[in-house]
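Peer 1: Quick one: sequence and predicted model below, then my questions.
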Amino acid sequence: MGEGVAHQDEPVVKVEEYFPLGPLSTTSQSFLRLHGAGEELFVMRCQGDAKLMRKARWNEYFQAQEVWGVKLWSSSKRFKLSELRSLTGHGKAFVPLEQSPRVTRVDISLEAFGSGWTSAVRLKSGEEEDLLYLDKNADVGVSWRKAGPFERFPEAPRNGYGFDVDVSLQDVWDAAVTTHAFHETQEVSNCQHFVRESLEELSCRGHLQAEGPMTLRNQSVADGLHYLGYLDEQRKALSSSPVQLQRLWASVMSWNCKLSMARWGSSWAECFYLKPVCWCDIENYTCATCCEVKSDFLFS
């Protein structure tokens, strides 16, 4: 997989799966970073379609696509490009590889300075373990993340809010994206609502066993605000203005720079500048539309 034409059965010696760094939607999908004998390749996925890309050279940065991602896991098992190609068109959020890790535990973790909640998701693949966080915040919305260099999240700060499970990342994600808090703005529901609803949905699907109803960390305060008429029955903020007005106000206040600043401040995120590659450069055939329209060349 170098500068010249490579064969589709040339081995990929390492595969890394990344997830985009916010704002995420129900159609967000992971992308793959492939390490072979030569140039790195990336397989970008979007709603069942996939596109092959490579790192841009220094003189191509202004025309390259900027991609931000959080590495979820990696595998050193050798694959063939043809094997990966048959999987990357899959419509799920994550690529269904046999080596994908299993989620062994889900906890509520307390964010830095006790400012909110995040879901701590413990992964295990073979003998290796890792810890990811599924978080909602005002800067990047819902996103997967890892702890920064000086961050320490106490796991399961509340008794009864840690669960041993045996599910896939796809199971956790499917539950999270069906919650109301996933789609609601930060002004309506915050990280506590999102974590609570995600765990409740996992419980409803039989992935974990919760004892009784789950409450917010500051449930008594929320109950008081509800009694005074400031919160609704779900202990969420009342929508006092149209969503369009809220978005316009947020845009004016941050000059549309808040997400970019959050990305650069996220030590767990990686940025890539990518250029499209036509599959005919990799495999032993010539495509009909080749090389002048590489950015539109998709396969399923």
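Peer 2: Done, it's in.
Peer 1: Sketch out the low-pLDDT regions of the stretch 201-300 of the chain for me.
Peer 2: When residues are selected by pLDDT under 70, those of the stretch 201-300 of the chain lie in 212, 239-265, 279-300.
Peer 1: Wait, residue 90 touches residue 84, no?
Peer 2: No - with contact defined as Cβ atoms under 8 Å, residue 90 and residue 84 do not form a contacting pair (10.9 Å). In short, each C-beta sits where N, CA and C put it, glycine included.
Peer 1: which of the two has more neighbours?
Peer 2: Taking neighbours as other Cβ atoms under 10 Å, residue 90 and residue 84 compare with residue 84 leading, 19 against 16.
Peer 1: quick one: secondary structure of that one?
Peer 2: helix (DSSP: H, G, I helix; E, B strand; the rest coil).
Peer 1: who's in contact with it?
Peer 2: Contact analysis of residue 84 by Cβ atoms under 8 Å, 6 or more residues apart in numbering lists 12, 15, 32, 34, 43.
Peer 1: and the first one, bridged to which residues?
Peer 2: Think residue 12. With DSSP bridges as the criterion, residue 12 is bridged to residue 79.
Peer 1: Pull up the per-residue confidence for residue 168.
Peer 2: On pLDDT, residue 168 comes in at 94.
Peer 1: what about it, distance to residue 136?
Peer 2: Distance of residue 168 to residue 136, given as Cβ to Cβ, to the nearest Å: 21 Å.
Peer 1: Comparing the two, which residue is more hemmed in?
Peer 2: Legend: neighbour count by other Cβ under 10 Å for residue 168 and residue 136, higher for residue 136 (28 against 18).
Peer 1: quick one, phi psi at that one?
Peer 2: Dihedral pair for residue 136: phi -130, psi 130, per degrees, to the nearest 10.
Peer 1: Without its sequence neighbours, what residue ends up closest to it?
Peer 2: Distances taken as Cβ to Cβ, 6 or more residues apart in numbering place residue 194 nearest to residue 136, at 4.2 Å, with adjacent residues excluded.
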